[in-house]
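In: no letters, just coordinates:
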């Protein structure tokens, strides 16, 4: 079975087909996906702006990281689950969509960028916070994150207009 065949199978399973055809359920899932943006990506973007020194630079980065991460831990799983549900309802259309593919690549890059930040910079955040300066590498992680998440959102919205 090819990946395209699997996508066709997925969107034709009874529960996914019923979800996609529902007058209320599909819009509820899509609305939840969009309205959860501030709780997930919005929190990440706020921290990115802190890393870049553009905003929120008066407080400690370590404290802000904890504050924003608390909300992102609520929002991101909701975004992920609703995103998978939206994909499932139109999997074969998404398969050929260049914006969907770009979104997946950007999500992979964002995951790798977050892992790099967590391993390399997060353990030393208190030290560089005390010195009063964000290291270049942490600023670069913030810049990649800021641009990447904007790209994910643009691809997601553009993809929706292609269906």
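Out: Happy to help now that I have it. All figures in this text were calculated on a predicted structure; none of them were measured in a lab. Numbers count the residues shown, from 1 in each chain.

In: mind listing what's buried in the helix-or-strand element of the chain with minimal mean pLDDT?
Out: Across the helices and strands of the chain, mean confidence by mean pLDDT, DSSP states H and E is lowest for helix 125-131: a mean of 85. Burial within helix 125-131, assessed by neighbour count using 16 or more other CB atoms under 10 Å, is assigned to 125, 129. Heads up, the C-betas are built off the backbone N, CA and C, glycines and all.

In: tell me the residue furthest from the middle of the protein?
Out: Relative to the mean C-alpha coordinate of the chain, counting by CA atoms, centre = their mean, the farthest residue is residue 131 (30.8 Å).

In: so which strand or helix has the spatially closest residue to residue 39 that is not a sequence neighbour?
Out: In this structure, residue 39 finds its nearest non-sequential neighbour in residue 75, 2.7 Å apart by CB to CB, 6 or more residues apart in numbering. Element membership of residue 75 [criterion: DSSP states H and E] is helix 61-89.

In: could you do residue 31 as well?
Out: Assignment of secondary structure by DSSP H and E places residue 31 within helix 25-35.

In: and the next helix or strand past that helix?
Out: Once the chain leaves helix 25-35, the next helix or strand it forms, by DSSP H and E, is helix 41-52.
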